[in-house]
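**Q** The sequence isn't on hand, but the structure is:
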């Protein structure tokens, strides 16, 4: 396989972008990434777009050529296609773009992720989010994603003695990081007391344990590693891109306090890259609900099973941590535009590995990990990115 | 790039499958293809699923792991992902599966296409189909796909003198072929008089110029060509897999009587395969509306610009034609389950190239072409398949 590098990154603000349409945010992120990669559109080979639910959200399917068109590139007749896997759509689009360059059919591709969520009421967005769980076995009985993750949180607390405060600290951490990110949906700081005292959504999860619905887009330019120096002084190599899946419904899993798809994807990713969790300095870990990254840290091998709660609360994964997680603010603070999340995680890692993350720079970042989930973990995607020295 | 072959094929009946759910048809096609490829699921590397609008149609996103799960493969934690590009979703999934095998990351992949359309009213399906046109510039003003293709047909007739009867013969041809296909939605024969006299949908197109909304699924197993003989006596090589896009809205095209995306994809496909249109014996050409294959035949280089009407009516593309088109019955007679179409086209070509197409066998078929469109041609996908000796 041909080695693949990230040559450029771009991202819009995340938040309630009521003055911008879906096509506008998609274009903005993509063009930023092209400029950052010093790539002329005439060298572009294809566009991959991660998006979860544009059909339900904006009555528009077939959005990949739409973005290409409104970016002024229709006359080039480039290939453009959408990739979908619930909340992991962006990471899956990246996986596809990576394989496309690795295959040799395309040299340079833009991988974008975009979602316009805030033009529908929150209740509608909640229903659409739930369409990534098993409709026939979960959703028809009233389950929503926070309800399902709430069940998981209860079970996790029961099995391992994690405390309500441990969950709350996940959100406190996210907002502390997000405060330094100019693109973040939320830049306010939170206290444990605020999170614990917030109105309940699906106990033990309260409203401040749940990431918001956001609008936003992110994009990266990928190309062959051996041509990367023509585009950037600091090429970031994709050391591994791995996807794994599991049952749609929680009830069909052996155990709900581990996402086996993450365990599988992480094992394959570290094997392919010939690295171990201890080699990672910075990680973007899926945190749509505060329980998610506790389980994620364990599934990824960063902490022993059942120990994520106290270890997290001890500050082990904060600034200077092993690894530092979610310097972007994660889904909780940077925001959660479904299909853009997986790409935005990689945008943040690239900035960290380049040493361009300013206030939120993780010192000595050489190897980064991105972890994105769809639904309650029926899809998990793990990317390892490495500064190519 | 590693060479890729089709090792197995599977397909459900197309039609109003009210007794089967989305997940059931998806599984049926995929398992048939695995059996046909003599592939154990333990050798499977990934699942690609083409689907256009499951979110709007069955309230379920994230369907690729769903199909993997209900096929009994969740415990393997394989990668599974959905690819979407309107009516071209199936062909795009095939493109992605092809690149995945070509890249070397996966050896064997299943590419499926599935859609469950008939559980919603036809008016809803029409609206969902229209979501593949430009929502902000076409659909909000009331345009539907048949309305847009009706405009194209009018312009084509005006420019080139094609007759209403030429359009009608496209549907007559499709039903003649479909009558021999046990999986076809419609197996009745039509006359030109019936098509011309049918109730109008968007003049000049009547109801019998429009493909039906169907349920159905199709699947293929792809693998490395150099291992293909372990699985089949007649491996079918993918000689080219090319995608091209154009503007979403018809009004932004230079000319609506040619789909430039098809011209671009075909040019690239023939160049990659080092073949010419005259080398093709059998072709599956997108015919959601009767005007589509007339334009498609010209864009693909099978007939001179403006001549498709009379040439079609002369029987040039019927049995023994150059090439014979749509032996499956095409979208018009075999059926039109959006995301399954592009995969089903390739299933038919594989059967033709293997010499297994029974009553509808095209004699001497060695090179086949599949052509799939999204929307009004904002996406076009061309595959060339060749019997590997």
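**A** The structure has been received and is ready for your questions. Only a predicted model underlies this, so the values are computations on that prediction, with no experimental measurement involved.

**Q** From here on, just use CA atoms for contacts and neighbour counts.
**A** Fine.

**Q** For the closest residue to residue A:59 other than its chain neighbours, what are phi and psi?
**A** Counting by C-alpha to C-alpha, 6 or more residues apart in numbering or on different chains, residue B:131 is the residue found nearest to residue A:59 once chain neighbours are left out, at 5.9 Å. The phi/psi pair for residue B:131 (degrees, to the nearest 10) reads phi -70, psi 0.

**Q** how many neighbours does residue B:131 have?
**A** Residue B:131 has 25 neighbours, counted by other C-alpha atoms under 10 Å in any protein chain shown.

**Q** Report the contact partners of it.
**A** If you count contacts by C-alpha atoms under 8 Å, 6 or more residues apart in numbering or on different chains, residue B:131 has them with A:55, A:59-62, B:139.

**Q** pLDDT score assigned to the residue in the stretch 101-250 of chain A that chain B sits nearest to?
**A** Here the stretch 101-250 of chain A gets closest to chain B at one residue, residue A:103, 3.7 Å apart by C-alpha to the nearest C-alpha. Predicted confidence (pLDDT) at residue A:103: the value is 97.

**Q** That one: neighbour count?
**A** 23.

**Q** Looking at the contacts of residue B:131, state which has the most neighbours.
**A** Within the contacts of residue B:131, most neighbours by other C-alpha under 10 Å means residue A:61, with 32 neighbours.

**Q** Contact partners for that residue?
**A** Residue A:61 makes contact with A:54-55, B:52-53, B:85-86, B:131-132 under the criterion C-alpha under 8 Å, 6+ apart.

**Q** run the last query once more with 10 Å
**A** By C-alpha atoms under 10 Å, 6 or more residues apart in numbering or on different chains, the contact set of residue A:61 is A:51, A:53-55, A:82, B:52-53, B:56, B:84-87, B:128-135, B:374-375.

**Q** out of these, which are inside helices?
**A** With helices taken from DSSP state H, the overlap with the contacts of residue A:61 comprises A:54-55, B:56, B:128-130.

**Q** Show me which of these is closest to residue B:342.
**A** Nearest to residue B:342 among these: residue B:129, at 15.6 Å, using C-alpha to C-alpha.

**Q** The closest one against residue B:86, yeah?
**A** Yes - assessed by C-alpha atoms under 10 Å, residue B:129 is found in contact with residue B:86 at 7.8 Å.

**Q** quick one, what contacts residue A:229?
**A** Counting by C-alpha under 10 Å, 6+ apart, the residues that residue A:229 touches are A:7, A:235.

**Q** Nearest residue to the middle of chain A?
**A** In chain A, the C-alpha nearest the mean C-alpha coordinate belongs to residue A:342, at 3.0 Å (C-alpha atoms, centre = their mean).

**Q** coming back round to it: nearest to residue B:385, of the contacts of residue B:131?
**A** residue A:62 (25.7 Å).

**Q** returning to that earlier point: where's the residue nearest to residue A:59 relative to residue A:328, distance?
**A** To residue A:328, residue B:131 is 34 Å away according to C-alpha to C-alpha, to the nearest Å.

**Q** repeat for residue A:243
**A** Residue A:243 sits 22 Å away from residue A:328, going by C-alpha to C-alpha.

**Q** of these two, who's got more company?
**A** residue A:328 (32 against 29).

**Q** The more buried one touches residue A:186, doesn't it?
**A** No - taking contacts as C-alpha under 10 Å, residue A:328 lies outside contact range of residue A:186: 11.0 Å.

**Q** and for these two, which residues touch both?
**A** Both residue A:328 and residue A:186 are contacted by A:174-176, A:178-179, A:334-335, under the criterion C-alpha under 10 Å, 6+ apart.

**Q** Which residue would be the closest one in the stretch 251-389 of chain A to chain B?
**A** Counting by C-alpha to the nearest C-alpha, the stretch 251-389 of chain A gets nearest to chain B through residue A:261 (5.8 Å).

**Q** Need the pLDDT of that residue.
**A** pLDDT, residue A:261: 98.
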